[in-house]
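> Give me a model of this one.
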Amino acid sequence: NMYLTFDFHNDGNYTGGNSEASLEYKVGSGEWTDLAGNLPKSVNWQEGIFNLSMLDNTDSVYFRFIWTDANYWATGLAIDNITVRQLNDNEISIQTVGQYLPRVTTTSYTSSFSKVPQSQLGPGFFFDGIIRNVGNNAQDSVRLKVNSGAFDTQSWAINLPSLERDTFTTNDFFLPTGTGTYDFSFSAESDSATATIDGLSVEVTENIFARDSDVADLRFSLAPTTSGFTIEHGCSYGIFENASLSAVDVYIAPSSDTGGKIKAKVYECNSQSETTNFYFESRFFDIQSTGSWQTLGFDQLVPLEASKEYLVTVCGDGNIVTDTTRIGASSSIDGSYAWRLYNGFPDATDGIYFSIPMVRMNFDPNALGIADNEKVNFSVYPNPNNGQFLIEVSSDVVRRAKLSIKDVLGKTVQSESINVVNTFSKNIDLRHLNKGVYFIHLSDTNSDNEEIQKVIIH
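Numbering: from 1, shown residues only. Purely as a prediction, here's the structure:
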């Protein structure tokens, strides 16, 4: 039999899963007939193989690919290496491979990362791959193998009928023993065939947590459509051990203007339901240079709790005239995902997507945003409380500051200006508000310096 084979890329990105791609044929001047049904979606290239036995003894055959974007603005279908040929008797291929860290909660996703702090490796990496039988004969004992130095693991073996595919997951975790780059090679074997694919690598670091590939082949704009409207891009990270976040690193695209404003935010997130709760933010920073990384340091260490997932984002100042900031992004990465937020809330259909903004966690304590003598320090106690608590503020210099209290949605529930002369204290009564988490913002009105603390009312 003759087969039509081709490679295709159909990720359905940005369309909420509504785009469709298909393949049709016709003989001579006849009617177009579906050959493939809807082509499956994936962030990786895939291999299409379709039997043409129904076209034996025909003189003129036409094929066409059909794709619809479902009226969404940014996706596409790519086709390459189209051939009409006979299949080999014994042949397998590896369609995709991945290296992952386990999820930290029951509602988060298993994910791949390019850089992982040694403290956040958890049980280590596991691996999977999709193997397809692309030959005429059934293949027995098909299995995936992974190697890195002295480490070897493989999946359980199964039998694959002709043209069938399956996902294979390795049996062992790989836990690196130190910092550095670790390379992984992948192979597939059956009793009658073998196959290989380009390997993967991951860097174990002291302080940097990253999803991006370190290649800025895309850019995302932070520019608003209307003044005061903010757009945020970022990535989520699962925390295996308690940690203190110092900063967010972001790659500023070459098309940005220096002097623009940018800030970092932290949310607690629930990936599966696409919800976030605001947790912390930095002050605004001026864009220092373009085509390079910039560190957005927080004014204090941000505590992150084990077994939780946190989203870090960056945003501009919402000024439609001066906000021209664009950040770098890496194109679709298998097993990874990112977030876009509008005014602090994820859009119902565009909250999670698969091109990865270059936004990283930085745990280096030297990356904090301002020196200690520039801060307006304050304490809250008791905390938690019943809605009544005391705020005490201290400063080495006379400062005029703004004291604001916000709920988890960012709505200001109380605000006033204060003068700090060495020390300042104030009793707060929020017993009229609902129980829950609130954030106290203390900002220096003469600079962008701001400190935030969480208070819990029960």
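> so where do the helices sit in the stretch 301-450 of the chain?
For the stretch 301-450 of the chain, applying DSSP state H, counting those that start in this stretch gives no helices.
> Give me the below-cutoff pLDDT ranges for it.
320-323, 332, 334-335, 344-353, 369-376, 395-399, 445-449 (pLDDT under 70).
> ok, what's across the strand from Trp67?
Trp67 has these beta-bridge partners by DSSP bridges: Ala21.
> Pairing partners for the residue nearest the centre of the chain in the sheet, please.
By C-alpha atoms, centre = their mean, the mean C-alpha position of the chain lies nearest to Ala338, the distance being 2.9 Å. For Ala338, the beta-bridge partners are Tyr353 (DSSP bridges).
> and the gap between it and Ile239?
Distance of Ala338 to Ile239, computed by C-beta to C-beta, to the nearest Å: 18 Å. All C-beta atoms are positioned from the backbone trio N, CA, C, and that covers glycine.
> ok, back up a step: so the residue nearest to the centre of the chain touches Tyr237, yeah?
No. With contacts counted by C-beta atoms under 8 Å, Ala338 stays clear of Tyr237, the gap being 11.3 Å.
> and for those two, which residues touch both?
Residues within reach of Ala338 and of Tyr237 at once, by C-beta atoms under 8 Å, 6 or more residues apart in numbering, are Arg211.
> Confirm Arg132 sits in a helix?
No. Assessed by DSSP: H, G, I helix; E, B strand; the rest coil, Arg132 does not belong to a helix; its assignment is strand.
> Which residue comes closest to it once chain neighbours are left out?
The shortest distance from Arg132 to any non-neighbouring residue, by C-beta to C-beta, 6 or more residues apart in numbering, is to Arg165 (3.8 Å).
> so what's the one you found up against?
Applying C-beta under 8 Å, 6+ apart, the residues near Arg165 are Gln95, Ile130, Ile131, Arg132, Asn133.
> redo that, cut-off 7 Å
Gln95, Ile130, Ile131, Arg132 (C-beta atoms under 7 Å, 6 or more residues apart in numbering).
> Asp11 reaches Ser42, doesn't it?
Yes. Using C-beta atoms under 7 Å, Asp11 is in contact with Ser42, at 6.5 Å.
> The two - which one has more neighbours?
Between Asp11 and Ser42, counted using other C-beta atoms under 10 Å, Asp11 has the larger neighbour count: 23 against 18.
> Need the three-state assignment for the more buried one.
At Asp11, secondary structure determined by three-state DSSP is coil.
> From Arg85, how far off is it?
27 Å.
> Then Glu31?
Remark: distance between Glu31 and Arg85 (C-beta to C-beta) = 26 Å.
> Then Gln139?
19 Å.
> and those two? which has more neighbours close in?
Per other C-beta under 10 Å, whichever of Gln139 and Arg85 has more neighbours is Gln139, with 25 against 11.
> That one touches Ala195, doesn't it?
No. Using C-beta under 7 Å, Gln139 makes no contact with Ala195, being 10.6 Å away.
> Now do the shared contacts for those two.
Ile92.
> Distance-wise, check Thr412 relative to Tyr438.
Applying C-beta to C-beta to Thr412 and Tyr438 gives a distance of 10 Å.
> More neighbours: the two, which one.
Shown here are Thr412 and Tyr438; by other C-beta under 10 Å, Tyr438 has more neighbours (21 against 10).
> got a list of what the residue lying closest to that one once chain neighbours are set aside touches?
Leaving aside its sequence neighbours, Tyr438 sits nearest to Val455 (C-beta to C-beta, 6+ apart; 5.2 Å). Residues in contact with Val455, defined by C-beta under 7 Å, 6+ apart, are Val380, Asn383, Phe389, Tyr438, Ile440.
> Likewise for Asp364?
Contacts of Asp364 (C-beta under 7 Å, 6+ apart): Asn207, Ser246.
> can you give me phi and psi for it?
For Asp364, the backbone dihedrals (degrees, to the nearest 10) come out as phi -70, psi 120.
> and the gap between it and Ser415?
For Asp364, the distance to Ser415 - C-beta to C-beta - is 33 Å.
> do Asp444 as well
15 Å.
> Those two: which is more packed in?
Between Asp444 and Ser415, counting by other C-beta under 10 Å, Asp444 is the more crowded of the two (21 against 11).
> Would you confirm that that one contacts Val393?
No. Applying C-beta under 7 Å as the test, Asp444 and Val393 come out as separate, 11.0 Å apart.
> overlap in contacts of Thr412 and Tyr438?
What both Thr412 and Tyr438 touch, as defined by C-beta under 7 Å, 6+ apart, is the set Lys406.
> For stretch 416-430, buried residues please.
Ile418, Val420, Phe424, Ile428, Leu430 (16 or more other C-beta atoms under 10 Å).
> Pull the most distant pair out of those residues.
Val420 and Leu430 (21.5 Å; C-beta to C-beta).
> so who does the nearest residue to Asn427 once chain neighbours are set aside touch?
Computed as C-beta to C-beta, 6+ apart, the closest residue to Asn427 that is not its neighbour in sequence is Leu390, at 5.6 Å. Going by C-beta under 7 Å, 6+ apart, Leu390 touches Tyr381, Ser425, Asn427.
> I'd like a version of those residues in CSV, one that adds distance to Pro176 as further columns.
Formatted as CSV, those follow (distance: C-beta to C-beta, whole Å):
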residue, distance to Pro176
Tyr381, 42
Ser425, 49
Asn427, 51
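> Return the closest of these with respect to Thr106.
Closest approach to Thr106 among these (C-beta to C-beta): Tyr381, at 34.2 Å.
> what's the span of stretch 229-246, first residue to last?
The straight-line separation of the ends of stretch 229-246 (C-alpha to C-alpha, to the nearest Å) is 27 Å.
> cool, and stretch 315-324?
11 Å.
> Which residue ranges of the stretch 51-200 of the chain form strands?
Using DSSP state E, counting those that start in this stretch, the strands of the stretch 51-200 of the chain run over residues 61-68, 78-85, 92-100, 115-117, 126-133, 139-148, 151-154, 158-160, 165-169, 180-189, 194-205.
> so how far is the fourth one from its chain's centroid?
Looking back up the chat, that one is strand 115-117. 14 Å (C-alpha atoms, centre = their mean, to the nearest Å).
> So what touches it?
Strand 115-117 is contacted by residues Leu101, Val202, Glu203, Val204, Thr205, Glu206, Asn207, Ile208, Phe209, Ala210, Phe363 when judged by C-beta under 7 Å, 6+ apart.
> The fifth one: neighbour count?
It refers to Thr205. With other C-beta under 10 Å as criterion, Thr205 counts 22.
> ditto for the one 3 residues further on
Neighbours of Ile208 under the rule other C-beta under 10 Å: 16.
> What of Asn171?
10.
> and the closest residue to it other than its chain neighbours, what pLDDT?
Distances taken as C-beta to C-beta, 6+ apart place Thr153 nearest to Asn171, at 5.9 Å, with adjacent residues excluded. Per-residue confidence at Thr153 stands at 97 (pLDDT).
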